[in-house]
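K.L.:
sequence first, predicted coordinates after that:
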Amino acid sequence: NAGVTQTPKFQVLKTGQSMTLQCAQDMNHNSMYWYRQDPGMGLRLIYYSASEGTTDKGEVPNGYNVSRLNKREFSLRLESAAPSQTSVYFCASSEDLRRETQYFGPGTRLLVL
Amino acid sequence: GESVGLHLPTLSVQEGDNSIINCAYSNSASDYFIWYKQESGKGPQFIIDIRSNMDKRQGQRVTVLLNKTVKHLSLQIAATQPGDSAVYFCADLAGGSYIPTFGRGTSLIVHP
């Protein structure tokens, strides 16, 4: 099992450009999450999907959209990137939306100039 | 998890020593706590969890202690190894919540 995979690993964007971060899990998990991690700060939840077909806002959803394409895949889209969105983005999944262990991907490092 | 500023606290230990990493939480309604390990360039990895009806839980070389009175938990790593070098952070969940609040982390450096 690959666990949680993310693409790309690294991306540089100019302000105003758009891009989609991809995430897939092969653990047959129902719930998936997108976090951002800024230097010296804890993970902050952007959006989550409790199950296929549902998405909900987290702590910092502004400037982002998500799509739960199917049970395996959960993408994060930046429609018009801003320098404040420079961060490391982590996708995670868990068996269910309960007090379950979350399994994290390796992250996507995004630099917005 | 606690807010401690932009710079991560750092704990330096010698290989073989025991390490103790601390975390304070602010929500008195938190009843589930998790410790994660994050190695450089990688995603967080689950280490151990504890529920509020316990004050101690042991894993392999790790022990988590929970003091609900002062809203504090600690992670103890026995016989610390160079491979333990990473950022460790705690997360807590309040009753009824499914989304954890993550702390900023402590950087553990193990010197051979």
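P.N.:
All right, it came through fine.
K.L.:
which intervals of chain B have sub-threshold pLDDT?
P.N.:
The model of chain B has pLDDT under 70 over residues B:1-7.
K.L.:
now with 80?
P.N.:
B:1-8, B:95-98 (pLDDT under 80).
K.L.:
need the residues of it near chain A, please.
P.N.:
Listed as neighbours of chain A in chain B under the rule C-beta under 8 Å from any C-beta of the partner chain: B:1, B:5-8, B:32, B:34, B:41-46, B:49, B:89, B:91, B:93, B:98-105. For the C-beta atoms, the positions are set from N, CA and C on the backbone; glycine is no exception.
K.L.:
list buried residues within these.
P.N.:
Among the residues of chain B next to chain A, those scoring as buried are B:1, B:8, B:32, B:34, B:43-44, B:49, B:89, B:91, B:93, B:98-105 (criterion: 16 or more other C-beta atoms under 10 Å in any protein chain shown).
K.L.:
so which of the residues of chain B next to chain A sit within strands?
P.N.:
Those of these mapping onto strands are B:32, B:34, B:45-46, B:49, B:89, B:91, B:93, B:101-102, per DSSP state E.
K.L.:
nearest to A:G105, of those?
P.N.:
Using C-beta to C-beta, B:Q45 is the member of those that lies nearest A:G105, at 11.3 Å.
K.L.:
A:P106 versus that closest one, what's the distance?
P.N.:
11 Å (C-beta to C-beta, to the nearest Å).
K.L.:
A:V112 too?
P.N.:
A:V112 is 20 Å from A:P106, by C-beta to C-beta.
K.L.:
one more: A:G40?
P.N.:
20 Å.
K.L.:
more neighbours: those two, which one.
P.N.:
Taking other C-beta atoms under 10 Å in any protein chain shown, A:G40 and A:P106 do not tie; A:P106 has more neighbours (17 against 12).
K.L.:
ok, that one touching B:S40?
P.N.:
No. Applying C-beta atoms under 8 Å, one finds A:P106 not in contact with B:S40, separated by 11.5 Å.
K.L.:
okay, now B:G96: neighbour count?
P.N.:
As a burial measure, B:G96 scores 7 neighbours (other C-beta under 10 Å).
K.L.:
alongside chain B, which residues does chain A contribute?
P.N.:
So far as C-beta under 8 Å from any C-beta goes, chain A lies against chain B at A:4, A:33, A:39-45, A:48, A:50, A:58, A:90, A:92, A:97-99, A:101-107.
K.L.:
what about those, which are in strands?
P.N.:
A:4, A:33, A:44-45, A:48, A:90, A:92, A:103-104.
K.L.:
so what touches stretch B:10-28?
P.N.:
B:1-2, B:33, B:35, B:70-82, B:84, B:88-90, B:92, B:94, B:101, B:103, B:106-112 (C-beta atoms under 8 Å, 6 or more residues apart in numbering or on different chains).
K.L.:
just the buried residues of that stretch, please?
P.N.:
B:11, B:13, B:19, B:21, B:23-25.
K.L.:
among these, which ones are in strands?
P.N.:
Reading strands off the buried residues of stretch B:10-28 with DSSP E, I get B:11, B:13, B:19, B:21, B:23-24.
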